[in-house]
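>>> Sequence and predicted structure are below.
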Amino acid sequence: MADHPPSPPAKAEQISECLQELVANKGGEPPGRYCYKDGVGEVLDTSSLPLMKIPIIDIGLLASPTSICREELEKLHSALSSCGCFMSINHGMTSSFLDEVRLATKKFFALPMEEKQKYAREVDAMEGYGNDMILSEDQVLDWNDRLYLLASQKTRDSSDIGQKVLLILGEFITETLFEYTSKLRLITEVVLKAMARSLNLENNCFLDKYGARAIMQARFNFFPPCSRHHLVLGLKSHSDGSVITIVLQDKEVEGLQFLKDDQWFRVPIIPEALLINIGEQAEILSNGLFKSPIHRVVINPERERFSLAVFCSPDPDNEIEPVDGLVSKTRPRQYKKVKNYVGNYFQYYQRGKSPIEALKT
Ligand SMILES: O=C(O)CCC(=O)C(=O)O
Ligand SMILES: [Fe+2]
């Protein structure tokens, strides 16, 4: 896809020991492969970092005709071109329903290890439980265990996610997750249309590139506490490979931070809101007008943290490039065409890089 992808690893390796197990056995002392040599700087005292002022946007309003929601569209435009993210409210889900989804995440990670290992993710697979792929000797690993599940219409129809979650979690929770991802599908549609309108483009121009066979990949994150938290990162600094990512955050434990104007900011907890951030494919589609924000997750010394990120990415067969209406003599095309962006994303991520760099014209 990109011009100069990192050279492929001789052999990608999956860690067999999950972090949760390691922490239970060794009491949270991080092995060297998880540690940043000089520590992670200001992470030492996370509470001293400023809180980010993230705009709050009403999804119900965004879905209404332009004449009614002009102000909300302006807010969206300004949020996405400055910090690349916003907190969404009035999204059609109650607080108690969001709590059920949080509980489903916790229940999965509370299962016995042998049970979870049945769903271990294989190298390069889009679904399954585990930790980082190891692509090189010097890769610093994330202090995080995760479960990936696909929630796209296509895979749902063939009962892929259904089968897996049903087997893992039982019928009640399966229903909760199905309902959650169906709601997210509606929200994604509203947001992609509103993004286009906020740029005075035709309603469907982003949605058409996204496609009916778009992929929604859910990542359930578990971040165990670490007594030497200043040496590790829950997720290394990255921007997402999606078009948009919808994050359900932990209600009690902070951890997510965004980089803005070369300064790290803490993301506040708003329990009833969903955090939505732009991914690199929206940056490409918008010809760089919307910025995919760099973010990371830091670790709490005493408390575990959970989150659920759903990455909404276009049909991998669709070509992604800046949309016509945003390319002009005064603003030439900033990115080359690309297909299946997510297919190569993790090869870059594990090395602390991003494919978008190689696509810049
Ligand atoms: O844990 C969070 O709050 C954010 C997760 C995230 O950035 C990701 O999974 O890519
Ligand atoms: Fe992320």
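That came through fine. Ligands and ions are numbered 1, 2, ... in the order given.
>>> Mind pulling up the pLDDT for Leu19?
We have a pLDDT of 85 for Leu19.
>>> Spit out the contact partners of it.
Each residue near Leu19 by C-beta atoms under 8 Å, 6 or more residues apart in numbering is listed here: 131, 143-145, 222, 224. C-betas here are computed from N, CA, C, even on glycine.
>>> Now it: phi and psi?
Main-chain dihedrals, Leu19, degrees, to the nearest 10: phi -60, psi -40.
>>> Could you measure from the nearest residue to His77 once chain neighbours are set aside over to Ile134?
Spatial nearest neighbour of His77, excluding adjacent residues (C-beta to C-beta, 6 or more residues apart in numbering): Ser198 at 3.9 Å. Remark: distance between Ser198 and Ile134 (C-beta to C-beta, to the nearest Å) = 41 Å.
>>> Does Asn344 touch Lys353 like I think?
No. Between Asn344 and Lys353 there is no contact under C-beta atoms under 8 Å: 10.8 Å.
>>> Could you check which of those two has the larger neighbour count?
Using other C-beta atoms under 10 Å as the criterion, Asn344 and Lys353 rank with Asn344 on top: 17 against 14.
>>> does the more buried one sit in a helix or strand, and which one?
Asn344 is located in helix 341-349, with elements delineated by DSSP states H and E.
>>> Could you tell me how many residues sit around the residue nearest to Ser242 when sequence neighbours are not counted?
Excluding the flanking residues, the one nearest Ser242 by C-beta to C-beta, 6+ apart is Gly279, at 3.3 Å. Residues contacting Gly279 under the criterion other C-beta under 10 Å number 25.
>>> who's in contact with Gly279?
For Gly279, the contact set (C-beta under 8 Å, 6+ apart) comprises 239-245, 292, 311-313.
>>> hmm, back to that, contacting residues for the residue nearest to His77?
73-74, 76-77, 80.
>>> ok, now with 6 Å
By C-beta atoms under 6 Å, 6 or more residues apart in numbering, Ser198 lies in contact with 73, 76-77.
>>> just Leu80 next, same as before
278, 290.
>>> Mind listing what's buried along the helix or strand that contains it?
With elements taken from DSSP H and E, the one containing Leu80 is helix 66-82. The neighbour-count check on helix 66-82 (16 or more other C-beta atoms under 10 Å) flags 69, 72-73, 75-77, 79-81 as buried.
>>> could you dump those residues to a markdown table with pLDDT and distance to ligand 1?
Output for the buried residues of helix 66-82, formatted as a markdown table (pLDDT from 0 to 100; distance: C-beta to the nearest ligand atom, whole Å):
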| residue | pLDDT | distance to ligand 1 |
| --- | --- | --- |
| Cys69 | 92 | 27 |
| Glu72 | 96 | 24 |
| Leu73 | 97 | 26 |
| Lys75 | 97 | 22 |
| Leu76 | 98 | 20 |
| His77 | 98 | 23 |
| Ala79 | 98 | 17 |
| Leu80 | 98 | 17 |
| Ser81 | 96 | 20 |
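>>> between those, which is closest to Leu256?
Ala79 (16.2 Å; C-beta to C-beta).
>>> now the closest one: how far from Leu62?
Going from Ala79 to Leu62 by C-beta to C-beta gives 12 Å.
>>> what does Ile68 give?
Computed as C-beta to C-beta, the Ile68 to Leu62 distance reads 10 Å.
>>> Report the angle between the longest helix belonging to the chain and helix 66-82.
Identified as the longest helix of the chain according to DSSP state H is helix 171-198. Going by axes from the mean of the first three to the mean of the last three C-alpha atoms, to 10 degrees, helix 171-198 is angled at 100 degrees with respect to helix 66-82.
>>> Can you give me the buried ones in helix 171-198?
Buried residues in helix 171-198 (16+ other C-beta under 10 Å): 173-174, 176-177, 180-181, 183-185, 187-198.
>>> try stretch 253-263
Within stretch 253-263, the residues scored as buried using 16+ other C-beta under 10 Å are 253-260.
>>> Between those residues, which sits nearest ligand 1?
Leu256 (3.7 Å; C-beta to the nearest ligand atom).
>>> who's in contact with that closest one?
Leu256 touches 267, 297, counting by C-beta under 6 Å, 6+ apart.
>>> mind redoing it with 10 Å?
Applying C-beta atoms under 10 Å, 6 or more residues apart in numbering to Leu256 gives the contacts 52, 85, 234-235, 247, 249-250, 265-269, 275, 277, 295-298, 305, 307, 309.
>>> which of these come close to ligand 1?
Contacts with ligand 1 within the contacts of Leu256, as defined by C-beta under 6 Å from any ligand atom: 235, 247, 249, 295, 297, 307, 309.
>>> Helix, strand, or coil at the second one?
Under DSSP: H, G, I helix; E, B strand; the rest coil, Val247 falls in the strand class.
>>> bridging residues for it?
Leu275, Ala309 (DSSP bridges).
>>> got the residues of the stretch 201-350 of the chain near ligand 1?
Residues of the stretch 201-350 of the chain lying close to ligand 1 (C-beta under 6 Å from any ligand atom) are 219, 221, 235, 240, 247, 249, 256, 295, 297, 307, 309.
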